[in-house]
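# When you get a sec, could you give me coordinates for this:
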Amino acid sequence: MKQQTLAMAADQGDGFEQYRRPTKRDTFLATMDEIVPWQELCSVIEPHYPKAGNGRPPVGLQRMLRMYFVQHWFNLADEACEEALLDSTALRRFVGIDLGRERVPDGTTLLKFRRLLEKRELGQALFAKVGQVLQARGLKLGTGTIVDATIIGAPSSTKNADKQRDPEMHQTRKGQQWYFGMKMHIGVDSRSGLAHSAVVTAANVHDKHPLPDLLHGNERRVYGDSAYASQKALIGSKAPLARDFTNERVRRDGEVDEAKRAKNRNKSKVRARVEHVFAVVKRLWGFTKVRYRGLAKNATRSFVALGLANIYLARQHLVA
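I've put the predicted structure just below:
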């Protein structure tokens, strides 16, 4: 073990801050430190991570992964994440940095780590590994899947070096409002409420098109809003035993079918669980707008955010 320096002792409050009490951030980070499967996730990245050689030794893999997760949880840019670690005792303690002995990895180091994950498409691999770990710990996939999509906004301004919007992002209309950006499509287990599949597309792609990719194939019931109505053929192409429990359109020729509306209400009691995942990703993690240009980079962020959301939603089970 490394010898503790005065800076680390001060960070941990060993006799220096006798009146300090744990904050919500402290409690959150302590919980995530306990339940995140660090070894399993590091094993996904380790084959692609730089090895020590003749040049500058690389920063420890788990330390970079912790810093990368801090970036997701608190919605920080690369340099902002570096600044936050310099400023916050709780974050330094979580990442394992002793300012009396070492520097905080800078924003460029985090940028290179992020690009490694994007180049090797490791975001999707990390999401899959989280699913495997959760299933191994008792959270098995059920026979019901809830499908839904949410819009992630992108800058629509052309005041940039290229004088144009991101060509991989597109606009779509929801209700009477127009949006520009991408869509995150997810499939959520109806029993556990955890996401088991995801697809990222431009915003103008209709919700129904990625539907087969959101099913695992063993479903007996598929839930969704009215955007997935009348898609029995698509559902059957991936899950032949599944029954269509998507919401039906209730308005026809200006009249409302109250019987269909009542059925939709009952279905929505189950379907609403998909919103818990979006609430964590968009409200807690702050992923309401894209940070990077192009779908590939934002897809990596989406998969990692969904994996972290699954861990957070299953925290009581994992702690127990």
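# Could you pull out the helices in the stretch 101-250 of the chain for me?
107-119, 122-136, 232-238 (DSSP state H, counting those that start in this stretch).
# out of the ones you listed, which comes closest to Gly193?
helix 122-136 (11.6 Å; C-beta to C-beta). Placement of C-beta: from N, CA and C, glycine included.
# Could I have the CA atoms of the closest one written out in CSV?
Output in CSV follows, covering the C-alpha atoms of helix 122-136 (Å, rounded to 0.1, in the frame of the first residue of the first chain):
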residue,chain,number,x,y,z
LEU,A,122,-16.2,-0.4,-26.5
GLY,A,123,-19.3,1.5,-25.3
GLN,A,124,-21.6,-1.2,-26.6
ALA,A,125,-19.3,-3.8,-25.1
LEU,A,126,-19.4,-2.2,-21.7
PHE,A,127,-23.2,-2.0,-21.9
ALA,A,128,-23.3,-5.7,-22.7
LYS,A,129,-20.9,-6.6,-19.9
VAL,A,130,-23.1,-4.7,-17.4
GLY,A,131,-26.1,-6.8,-18.6
GLN,A,132,-24.1,-10.0,-18.1
VAL,A,133,-23.0,-9.1,-14.6
LEU,A,134,-26.6,-8.1,-13.6
GLN,A,135,-28.0,-11.4,-14.9
ALA,A,136,-25.3,-13.3,-13.1
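# Now the helices of the stretch 101-250 of the chain in TSV, please, with extra columns for distance to Thr89.
Output for these, formatted as TSV (distance: least, C-beta to C-beta, whole Å):
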stretch	distance to Thr89
helix 107-119	20
helix 122-136	28
helix 232-238	49
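# Deepest-packed of these, please.
helix 122-136 (a mean of 19; mean count of other C-beta atoms under 10 Å).
# Who are the packing partners of whichever strand or helix holds Val70?
When elements are assigned from DSSP states H and E, Val70 belongs to helix 61-73. When contacts are defined as 3 or more C-beta pairs under 8 Å, 6 or more residues apart in numbering; DSSP states H and E, helix 61-73 sits against helix 24-35, helix 38-45, helix 78-87, helix 89-95, helix 107-119, helix 295-313.
# for it, which positions count as buried?
Buried residues in helix 61-73, counted by 16 or more other C-beta atoms under 10 Å: Leu61, Gln62, Met64, Leu65, Arg66, Met67, Tyr68, Phe69, Val70, Gln71, His72, Trp73.
# I appreciate the help and will end here.
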